[in-house]
Each structure stands twice: as C-alpha cells, then as structure tokens.
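Participant: structure of the sequence below:
(one chain, ligands or ions: 2)
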Amino acid sequence: MFESLSDRLQDVFRNIRGGGKLTEETVELALREIRMALLEADVNFKVVKAFIDRVRDRAVDQDVLKSLTPDQQVVRIVRDEMLALFGDTQGGLPPTSERPRVIMLLGLQGSGKTTTSAKLGRWLTKQGRHPLLVSTDVRRPAAIEQLAVVGKQAGVRVHDPAGEMDPVKRAAGALAVAKNGGFDVVIVDTAGRLHIDDDLMGELQAIKAAVTPVDQLFVADAMTGQDAIKSAGEFNRRIGVTGVVLSKMDGDARGGAALSVVSVVGVPIAFVGSGERLQDLEPFHADRVVSRVLGMGDVLSLIEKAEEAVSIEDAAKLEEKIRRDDFTLEDFRDQLRTIRKMGPLEQILGMLPGIGGAIKEMKAQKEQIDEKQMLRVEAIINSMTDKERRNHQLINGQRRKRIARGSGTSVEEVNKLLKQFIQMKKMLKAMGGMAGLAKGKRPNLGALKGLMR
Ligand SMILES: Nc1nc2c(ncn2[C@@H]2O[C@H](COP(=O)(O)OP(=O)(O)OP(=O)(O)O)[C@@H](O)[C@H]2O)c(=O)[nH]1
Ligand SMILES: [Mg+2]
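Facilitator: Ligands and ions are numbered 1, 2, ... in the order given. Here you go, the predicted model:
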C-alpha cells in the first residue's frame with residue numbers, strides 16, 4: 001500500500017536529515033519533492049495544495065528552523081499533517097447503541113460492495129457479533145446468489161427470501177428477521193451502476209428510509225483513480241456517506257485518489273480491502289499506515305495478523321521450544337504454513353521496519369520472493385520421516401538422496417534447506433520468536449533472504 005509514495009517521502013526525509021542546516025529554501029525544496037510524490041500517488045491536486053500549504057505554514061517558522069532539531073521537527077509536522085490527511089482514525093466502526101446496527105454499502109459497479117459485505121460479516125463475527133447479510137441487488141442476474149455464496153464462505157447467515165425481488169422489502173425483511181432472530185448487525189449490500197443515475201439513487205434512498213442505517217459506507221475502488229472522488233461526492237450529497245472502505249489496495253493502484261476521498265467528503269476511512277480473500281479486510285489505522293508510509297514500519301498490524309493465524313497457546317509452545325532449542329523441521333513446516341495463512345509474503349514482510357527496503361533490494365537483484373519456493377521447501381520437509389523432521393541431525397547423505405527423490409528436488413536443494421534451517425534456528429533463538437519482534441528487535445535479514453531465494 002502506497003509503496004512508491006513511501007519510497008519518495010523517505011528519500012525526502014533522508015535528504016532533510018542529512019543535508020546540514022535547514023533553511024526556508026531547503027524546506028521549500030523538500031516541499032516541492034513531497035508535492036510531486038503526492039501527485040504521483042494520484043492524490044487529488046486540491047488536497048495536495050492544501051496539504052503543502054499547511055506544512056509550509058508550520059515548517060517555515062523561525063521557532064522550528066532555529067530549534068535544535070529542525071529536521072526532526074519538520075518530519076513531525078509532515079507526519080501530523082499526513083495523519084490529518086488520512087483522517088486521523090482508529091478505523092473500524094464507531095460505537096453505537098443501535099441494535100441491530102444496520103450497515104449499508106454504497107458504491108459504483110464492481111467497486112467491491114458484495115465482497116466487502118462478506119468480509120465485514122466475517123470481521124464482525126470475529127468481534128463476537130452476530131451479523132445478518134442481505135442483498136438488495138435485484139438488477140444484476142446472479143448478484144443475490146453471489147452474496148449467498150460469499151456469505152456462506154464467510155460463515156455468515158444470509159437473508160434470502162426466494163422470489164422476493166423488491167429491494168426495499170428484502171432489506172426491511174432482513175431487519176425484521178434480525179430483530180426476532182438475535183442478530184445485532186444487518187449488512188445491506190446494494191446494487192451498483194457504471195454511472196450514478198437517478199433510478200439507483202431513488203432505490204438507495206428508499207432502502208435507507210426503510211432500514212435507517214447507522215453506517216453508510218462508500219466502497220471506493222482504489223484502481224479507479226480520480227473518478228472515485230467524484231462519485232463519492234455524489235453519493236454523499238444524495239444518500240450520505242459515514243465512512244469509506246478502500247477496496248483493492250493490493251493492486252498496482254497508487255491509492256492516492258481513494259485516499260483523497262477522505263479529504264473531499266470529510267469522512268474517515270473505516271476499512272481497507274487488500275485482496276480477494278475474505279480475511280483481506282482490516283480496520284484502517286491511520287497512525288499505523290502513516291508510520292509505514294514514512295518508513296517506521298507497522299509491527300502492530302503484523303502482530304494482529306499473526307495473532308489471527310496462530311493461537312496464543314501455539315505461540316507460547318513455540319516460544320518455549322525456541323528457548324529450549326527444540327525447534328524442529330516439523331515446527332519449521334508449521335511456520336511456513338502459518339506464514340502462508342497470513343497472506344502474501346511480500347505484504348507481511350513489508351510491514352516490518354527496515355525490511356521494506358530489503359525487499360526492494362531483493363527485487364532489484366531479481367531475487368524474487370517466491371511463494372513457489374516455499375512450497376518446494378514444504379515438499380522437501382514432507383518427504384522426510386517423522387523422526388528426521390524431529391531430529392535433523394539424522395539426515396545423512398543416503399537420506400538426503402531419498403528426500404530429494406521423494407520431493408522431486410535435488411540433493412543440493414535439500415542441503416541448502418538444512419543449512420538455512422540451522423541458520424534460522426539460530427536467528428530465532430537470538431530473537432526470542434515473535435515476542436522479540438514485538439519488542440522491536442531486528443530480525444537477521446541474511447537468514448530470511450537466504451530462505452526466500
Ligand atoms: N484484488 C482485490 N479484488 C477485490 C477486492 N475486493 C473485491 N475484489 C474483486 O472485485 C470484483 C468485484 O467485486 P464485487 O464485490 O462483486 O463488487 P460489487 O461492488 O458488489 O459489484 P456490483 O455488484 O456489480 O456493483 C470481484 O472480482 C472481487 O473479487 C480487493 O480488496 N482486492
Ligand atoms: Mg455486488
């Protein structure tokens with residue numbers, strides 16, 4: 001998310017830090033770079049202008065320039081203003097006493113409303129809530145069926161009265177079922193259009209009047225660029241928008257346009273969708289994202305992801321093993337599986353402070369972080385016997401040959417894996433596992449890089 005923006009800004013900061021005395025001129029130079037970086041990230045030009053003006057007002061202040069640490073002060077001002085730009089929020093949904101809470105999703109065709117409905121249902125279930133889903137998209141054939149399918153995948157109940165083709169009645173029916181059936185949230189998926197038309201707006205208004213939503217979330221497709229801003233404004237004017245979901249932030253989208261929606265419409269980003277899978281939805285923590293963009297890493301998000309993938313008991317067991325130096329190839333295989341559960345490898349590694357740069361370095365060297373490579377590693381471990389997995393020292397030349405044959409790899413690859421496993425074992429011991437990571441210890445990149453090659 002925002003990778004190239006992040007690169008550019010970090011360059012600017014490096015220059016400010018390394019460039020000796022800060023003057024009005026150097027600040028102006030830095031501002032010009034920041035302005036270019038934001039525009040290149042597709043942030044709306046009006047938003048950029050306002051941003052730069054605010055930073056300039058605060059930075060070109062004699063108190064700042066004459067202070068002992070002008071560079072740090074400027075970085076802090078940029079950080080503050082970035083937070084304001086991202087809509088300083090903790091993300092998620094604001095508290096309400098309304099039961100059931102009705103959440104209505106709005107947006108253009110294909111923006112991700114139906115997918116987000118199911119993702120949101122899953123997320124709420126994990127928060128201990130009892131959501132009910134309903135589709136009001138009676139236009140597009142198979143739209144109702146689509147929600148039924150993803151709802152089922154998400155393990156969330158879907159209200160789907162057969163043959164009911166009145167969108168208002170479908171929504172109102174879901175609300176009635178929720179009240180009687182102990183559901184505390186109703187998620188209303190709505191129809192989309194390629195362009196905003198009166199017909200759709202009329203339909204959405206009627207649904208809104210029937211179910212009085214607490215949340216009217218505008219789903220902004222990060223790939224659509226500046227158009228997202230116009231349509232968000234229109235939805236806001238005609239229906240009202242209480243929060244934004246940025247979808248498809250995993251693509252090559254620069255994301256700046258969707259981000260500008262916040263400034264233009266004046267509502268916070270509630271969630272970010274970063275993939276097609278149902279777990280690819282996260283509350284938007286402005287401070288964490290800003291930290292990541294400014295190169296301070298995002299260990300908290302990483303820990304949350306890890307916590308979702310690993311139970312606390314498993315983590316404790318693993319820590320204990322690492323401490324006793326009992327970490328085996330079997331544990332290693334479990335770890336690889338867990339990492340795969342957490343999501344695309346690059347995305348995970350990108351959250352670690354300092355690793356973002358290493359990843360880019362690796363890419364530059366064409367050392368692709370290869371998920372297939374992980375599967376090969378897993379295949380090698382699968383070809384070992386239980387005994388070998390528990391004690392890698394057993395694996396002599398004869399056994400290596402057998403394992404290579406069994407996994408369709410070569411003895412060299414088996415050798416390499418074993419070497420890296422031993423290296424990784426050392427690294428883990430030194431770090432004290434994930435807990436070490438949380439305490440800000442830097443993992444040894446050499447071992448990690450070796451493993452991905
Ligand atoms: N990569 C990626 N794809 C997504 C994301 N969210 C949704 N998609 C995909 O985008 C496409 C459209 O998503 P839908 O949820 O059907 O969009 P919609 O707004 O309901 O579309 P209509 O009902 O036609 O208006 C689907 O192929 C989804 O899998 C995301 O965060 N990342
Ligand atoms: Mg849909």
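
Participant: elements contacting the helix or strand where Lys49 lies?
Facilitator: In this assignment (DSSP states H and E), Lys49 forms part of helix 45-59. Identification of packing neighbours for helix 45-59 by 3 or more C-beta pairs under 8 Å, 6 or more residues apart in numbering; DSSP states H and E yields helix 24-40, helix 70-85, helix 256-265. All C-beta spots, glycine's among them, are computed from the backbone N, C-alpha and C.

Participant: and the residue of the chain found nearest ligand 1, how close does it get to Val293?
Facilitator: Nearest to ligand 1 in the chain, going by C-beta to the nearest ligand atom, is Gly192, at a distance of 2.4 Å. Gly192 sits 30 Å away from Val293, going by C-beta to C-beta, to the nearest Å.

Participant: same check on Gly87?
Facilitator: 14 Å.

Participant: for Asn391, same thing?
Facilitator: Note on Asn391: its distance to Val293, by C-beta to C-beta, is 45 Å.

Participant: what about whatever residue of the chain ends up closest to ligand 2, which SS state?
Facilitator: Per C-beta to the ion, Thr114 is where the chain lies closest to ligand 2, at 3.2 Å. When classified by DSSP: H, G, I helix; E, B strand; the rest coil, Thr114 comes out as helix.

Participant: in contact with it, which residues?
Facilitator: Counting by C-beta atoms under 8 Å, 6 or more residues apart in numbering, Thr114 makes contact with 135, 137, 143, 146-147, 150, 189.

Participant: most tightly surrounded among the helices and strands packed on helix 45-59?
Facilitator: helix 256-265 (a mean of 24; mean count of other C-beta atoms under 10 Å).

Participant: quick one: contacts of that helix?
Facilitator: The contact list for helix 256-265 (C-beta under 8 Å, 6+ apart) reads 2, 5, 38, 41-44, 46-47, 50, 85-87, 218, 220-222, 224-229, 232-233, 236, 241, 244, 246, 249, 268-269.

Participant: residues from this structure in reach of ligand 1?
Facilitator: 107, 109-115, 137, 140, 143, 192, 247-248, 250-251, 273-276, 280 (C-beta under 6 Å from any ligand atom).

Participant: contact residues of the protein facing ligand 2?
Facilitator: For the chain, the contact set with ligand 2 under C-beta under 5 Å from the ion comprises 113-114.

Participant: ok, Leu5 touching Met36?
Facilitator: No: contact criterion C-beta atoms under 8 Å: Leu5 and Met36 do not qualify, at 10.5 Å.

Participant: distance check, Gly273 against Glu378.
Facilitator: Distance of Gly273 to Glu378, given as C-beta to C-beta: 28 Å.

Participant: higher neighbour count, these two?
Facilitator: Here Gly273 and Glu378 are compared on neighbour count by other C-beta atoms under 10 Å; more neighbours surround Gly273, at 25 against 16.

Participant: state the phi and psi torsions of that one.
Facilitator: Backbone torsions for Gly273, taken as degrees, to the nearest 10, come to phi -100, psi 130.

Participant: next up, the contacts around it.
Facilitator: The contact partners of Gly273, by C-beta under 8 Å, 6+ apart, come to 112, 115-116, 119, 245-250, 280-281.

Participant: can you redo those as CSV with pLDDT, distance to Arg157 and secondary structure?
Facilitator: Compiled in CSV, the contacts of Gly273 are given as follows (pLDDT from 0 to 100; distance: C-beta to C-beta, whole Å; DSSP: H, G, I helix; E, B strand; the rest coil):
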residue, pLDDT, distance to Arg157, secondary structure
Gly112, 96, 21, coil
Thr115, 98, 17, helix
Thr116, 98, 17, helix
Lys119, 98, 15, helix
Val245, 94, 21, strand
Leu246, 90, 27, strand
Ser247, 92, 23, strand
Lys248, 90, 26, coil
Met249, 85, 28, coil
Asp250, 82, 28, coil
Asp280, 93, 21, coil
Leu281, 95, 18, strand
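
Participant: which of these ranks first by neighbour count?
Facilitator: The most crowded member of these, judged by other C-beta under 10 Å, is Ser247 (30 neighbours).

Participant: not counting residues beside it along the chain, what's closest to it?
Facilitator: Leaving aside its chain neighbours, Ser247 sits nearest to Gly112 (3.4 Å; criterion: C-beta to C-beta, 6 or more residues apart in numbering).

Participant: pretty sure the one you found is touching Ala222, no?
Facilitator: No: using C-beta under 8 Å, Gly112 is not in contact with Ala222, being 9.3 Å away.

Participant: between the two, what contacts are shared?
Facilitator: Both Gly112 and Ala222 are contacted by 247-248, under the criterion C-beta under 8 Å, 6+ apart.

Participant: ok, longest helix in the chain?
Facilitator: helix 411-431 (DSSP state H).

Participant: same for that helix, what does it pack against?
Facilitator: helix 312-324, helix 329-342, helix 371-382, helix 397-407, helix 445-452.

Participant: nearest to Thr96, of the ones you listed?
Facilitator: Among those, the nearest to Thr96 by C-beta to C-beta is helix 312-324 (29.8 Å).

Participant: I'd like the average pLDDT over the closest one.
Facilitator: Computed over helix 312-324, the mean pLDDT rounds to 76.

Participant: next one: stretch 228-238
Facilitator: Mean predicted lDDT for stretch 228-238 stands at 90.
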